[in-house]
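Enquirer: coords please:
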Amino acid sequence: MTPKKYVQEVVREGRRVRWPKRDTFIPVFVAVLVTCIFCALILSLEDWAAGTLIQQLKNLFSGIKG
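Expert: Sure thing, here's the model as predicted:
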């Protein structure tokens, strides 16, 4: 399949898609965006907490001589 044929078929399929109306799209888009931001904040907080815990454990066990 040539690149030109591929692009033509993608455009053809894109025209066949039933796209949502703006009144439906905007609230759904905002909900998805807010959910993504919330999840990113939670994951960042968990990453920071895990890093802090690991650093504290390293400091604790670095004083122990074997």
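
Enquirer: all contacts plus neighbour counts: C-alpha atoms, from now on.
Expert: Fine.

Enquirer: chain center to the helix or strand harbouring residue 33: distance?
Expert: Element membership for residue 33, per DSSP states H and E: helix 22-62. With Cα atoms, centre = their mean, to the nearest Å as the basis, helix 22-62 stands 10 Å off its chain's centre.

Enquirer: Repeat that for stretch 57-66.
Expert: Distance, stretch centre to chain centre, for stretch 57-66: 37 Å (Cα atoms, centre = their mean).

Enquirer: Report the rounded mean pLDDT for that stretch.
Expert: Computed over stretch 57-66, the mean pLDDT rounds to 84.

Enquirer: For this protein, which residue occupies the most central location?
Expert: residue 36 (6.3 Å; Cα atoms, centre = their mean).

Enquirer: roughly how far apart are that residue and residue 42?
Expert: In this view, residue 36 and residue 42 are 10 Å apart by Cα to Cα, to the nearest Å.

Enquirer: and what of residue 59?
Expert: Counting by Cα to Cα, the gap from residue 59 to residue 42 is 26 Å.

Enquirer: can you check residue 17 too?
Expert: Residue 17 is 35 Å from residue 42, where distance means Cα to Cα.

Enquirer: and residue 39, how many residues sit next to it?
Expert: By the measure other Cα atoms under 10 Å, the count of residues near residue 39 is 12.

Enquirer: go on, the one 5 residues further on?
Expert: When neighbours are defined as other Cα under 10 Å, residue 44 has 12 of them.

Enquirer: Next up, the contacts around it.
Expert: Applying Cα atoms under 8 Å, 6 or more residues apart in numbering to residue 44 gives no contacts.

Enquirer: hey, which helix or strand in the chain has the poorest pLDDT?
Expert: helix 3-16 (a mean of 93; mean pLDDT, DSSP states H and E).

Enquirer: Show the pLDDT at the residue nearest to the centre of the chain.
Expert: So, for residue 36, pLDDT stands at 98.
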